[in-house]
Each structure stands twice: as C-alpha cells, then as structure tokens.
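S.K.: just coords:
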Ligand SMILES: Nc1ncnc2c1ncn2[C@@H]1O[C@H](COP(=O)(O)OP(=O)(O)OP(=O)(O)O)[C@@H](O)[C@H]1O
Ligand SMILES: C=C(C)CCOP(=O)(O)O
C-alpha cells in the first residue's frame with residue numbers, strides 16, 4: 001500500500017506571516033504520521049515560505065526567471081521549511097528524509113513535468129519516508145518556474161502507482177456555496193462555480209487547480225483538514241473524495 005500525502009502550506013505555516021512555521025499544526029500532523037500507513041511519501045506546500053519569494057521575483061507556474069538569485073531565494077526558503085518539516089517528523093519517530101525537487105525535476109517547453117521517481121521508490125523500499133516540497137524547477141525556454149506541491153502529488157501518485165492520495169489543507173474539504181463539504185467530486189463542472197483561488201499569497205492557484213489536477217489521477221484522492229488526517233491514514237473516506 002503506497003500513500004502520497006500533501007501537507008498544505010496553509011497547514012504547516014502561518015500563511016499571513018512571512019517564513020513562519022505553524023509549530024502546533026506541524027506537531028499534530030507529525031504525531032498522526034507516526035502511526036501512519038506502510039509506504040508513505042509526504043509532500044508539503046509553500047505557505048508563507050515559497051509564495052512570498054515567488055511573487056517578489058514575479059515567478060509563477062508559467063512566468064519564469066533566468067535570475068539565479070531568484071531561483072536560490074525561492075528554493076532556499078523552501079529548503080528551510082523542508083528542514084523544519086523533516087525535523088518535526090523525525091522528532092515524532094517518522095523516518096523522514098528530504099528530497100529537493102529542483103535537483104531532480106524539469107519542465108519541457110510544453111510545460112510538462114518530468115520527475116524521475118526511482119530514487120523516491122528506493123527510499124520507500126529502504127523504509128524511509130521521503131519528504132518533497134513545492135519548489136522552483138528549470139523550465140525549457142523560460143528559465144525556472146514554480147512547481148506546486150499539488151503537481152508533485154499528481155506526478156508521484158502516477159509514477160509510484162499510489163493506492164491512496166490525500167491533501168491536508170486548511171479547509172475540511174471542497175466547500176459548496178453554503179460552506180458545506182462536498183462529499184464526492186467526479187466532474188470539474190459539478191463544482192466549478194464554487195471553486196476559487198487561495199485567500200493568501202499563493203502563486204499556484206488554490207482549490208480550483210487542486211481539483212482539476214486530482215480528477216486526472218487514477219487513484220481516488222481526498223481533501224481534508226488536520227482533523228481528518230488520522231482518519232485518512234486509518235483508511236477512512238474523509239472530507240471530499242475526488243475520483
Ligand atoms: N470551494 C472551495 N472549497 C474549499 N476551499 C476553497 C474553495 N475555493 C477556494 N478555496 C481556497 O482554497 C484554499 C486551499 O488551497 P491553498 O492552495 O491555499 O492550500 P494549501 O495547499 O494548503 O496551501 P499551499 O498552496 O501553500 O500548499 C482554502 O484555504 C480556500 O481559501
Ligand atoms: C511557491 C513555491 C515555491 C511552492 C508552491 O507549492 P504549493 O504551495 O504546493 O502550491
């Protein structure tokens with residue numbers, strides 16, 4: 001059983017305070033993962049680390065930069081957050097190890113992501129929990145663009161043939177216009193009217209982009225908040241199921 005889990009930047013950081021880890025949430029998530037499932041890959045988002053630097057440098061998933069300093073500003077912030085996430089997981093007893101996508105992945109001129117997953121598979125086979133993060137990535141013809149954690153989740157879920165995919169965010173699921181969790185989404189059109197971007201500085205698109213990408217996956221995906229994390233890890237359907 002292989003599980004790919006994203007801890008949203010809105011969960012592990014305080015999105016309105018630059019480069020601030022939400023220690024309480026991170027510890028809660030780490031404690032839940034300590035009793036986690038077999039093969040587990042963790043991906044975390046940018047929150048108040050990556051997104052501020054990305055917008056300062058005018059970089060998004062499509063707007064690139066050729067400035068090396070822009071790349072290292074964004075990547076450096078994400079490495080600092082990754083250090084904090086890996087350390088918290090290790091303190092909770094999870095055999096977490098860092099994986100930095102900038103050194104591994106690239107986009108071709110069409111924007112298609114190429115992410116070799118053999119090293120991640122080998123880490124799983126050796127009993128580690130690889131922890132990847134949203135990052136900058138070299139992009140043919142555009143310098144470097146942003147790679148969201150959501151895109152990493154979709155790519156890894158496909159190449160690792162994941163059985164379960166979870167996105168832990170700051171909302172209990174995808175919400176309808178009355179704020180009620182939509183239990184299941186099978187077609188983008190059914191929820192398109194409810195879906196917006198993110199309320200915080202977020203260069204990768206909030207909930208609409210997530211739902212679109214998760215619908216393209218073979219494995220069913222779930223969107224839930226920290227209260228739903230333990231249930232998800234136990235195998236329950238929590239929040240919104242997207243398939
Ligand atoms: N219909 C909707 N239901 C739920 N959330 C929605 C909806 N439309 C827009 N959103 C926004 O999507 C946000 C979650 O996406 P966001 O990308 O901010 O989270 P994240 O993945 O946890 O963070 P990060 O991108 O930093 O990793 C919610 O906080 C909410 O503001
Ligand atoms: C902004 C950066 C560097 C990462 C974005 O990842 P996300 O928060 O998962 O969308």
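M.R.: Received the coordinates, thanks. What you are looking at is a predicted structure, and each value in this text was computed from that prediction instead of being measured. Ligands and ions are numbered 1, 2, ... in the order given.
S.K.: mind checking the SS state of residue 238?
M.R.: coil (DSSP: H, G, I helix; E, B strand; the rest coil).
S.K.: and the helix or strand harbouring residue 3, what other elements does it pack with?
M.R.: With elements taken from DSSP states H and E, the one containing residue 3 is strand 2-7. Other helices and strands packing on strand 2-7, by 3 or more CB pairs under 8 Å, 6 or more residues apart in numbering; DSSP states H and E, are helix 23-34, strand 39-44, helix 149-159, strand 164-168, helix 226-233. Quick note: C-beta positions are derived from backbone N, CA and C, even for glycine.
S.K.: mind putting these into a markdown table with distance to ligand 2 and mean neighbour count?
M.R.: Converted to a markdown table, the helices and strands packed on strand 2-7 look like this (distance: least, CB to the nearest ligand atom, whole Å; neighbours: other CB atoms under 10 Å):
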| stretch | distance to ligand 2 | mean neighbour count |
| --- | --- | --- |
| helix 23-34 | 15 | 18 |
| strand 39-44 | 7 | 26 |
| helix 149-159 | 3 | 24 |
| strand 164-168 | 9 | 26 |
| helix 226-233 | 16 | 20 |
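S.K.: test my guess that residue 128 contacts residue 97.
M.R.: Yes - in this structure residue 128 lies within contact range of residue 97 using CB atoms under 8 Å: 4.7 Å.
S.K.: what's the burial count for whatever residue of the chain ends up closest to ligand 2?
M.R.: Ligand 2 sits closest to residue 134 of the chain, with a gap of 2.2 Å, by CB to the nearest ligand atom. Close neighbours of residue 134, defined as other CB atoms under 10 Å, add up to 32.
S.K.: flag every residue of this protein that's near ligand 2.
M.R.: Contact residues (CB under 6 Å from any ligand atom) of the chain with ligand 2: 9, 45-46, 50-51, 54, 74, 78, 134-135, 146, 148-150, 203-204.
S.K.: helices or strands up against the one helix or strand residue 51 maps to?
M.R.: Assigned by DSSP H and E, residue 51 falls within helix 47-56. Using 3+ CB pairs under 8 Å, 6+ apart as the contact definition, the elements that helix 47-56 packs against are helix 9-12, helix 68-91.
S.K.: so can I have JSON lines of the ones you listed showing mean pLDDT?
M.R.: Output for the helices and strands packed on helix 47-56, formatted as JSON lines (pLDDT from 0 to 100):
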{"stretch": "helix 9-12", "mean pLDDT": "96"}
{"stretch": "helix 68-91", "mean pLDDT": "98"}
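S.K.: so of those, which one's packed in deepest?
M.R.: Mean neighbours per residue, mean count of other CB atoms under 10 Å, is largest over these for helix 9-12, with a mean of 26.
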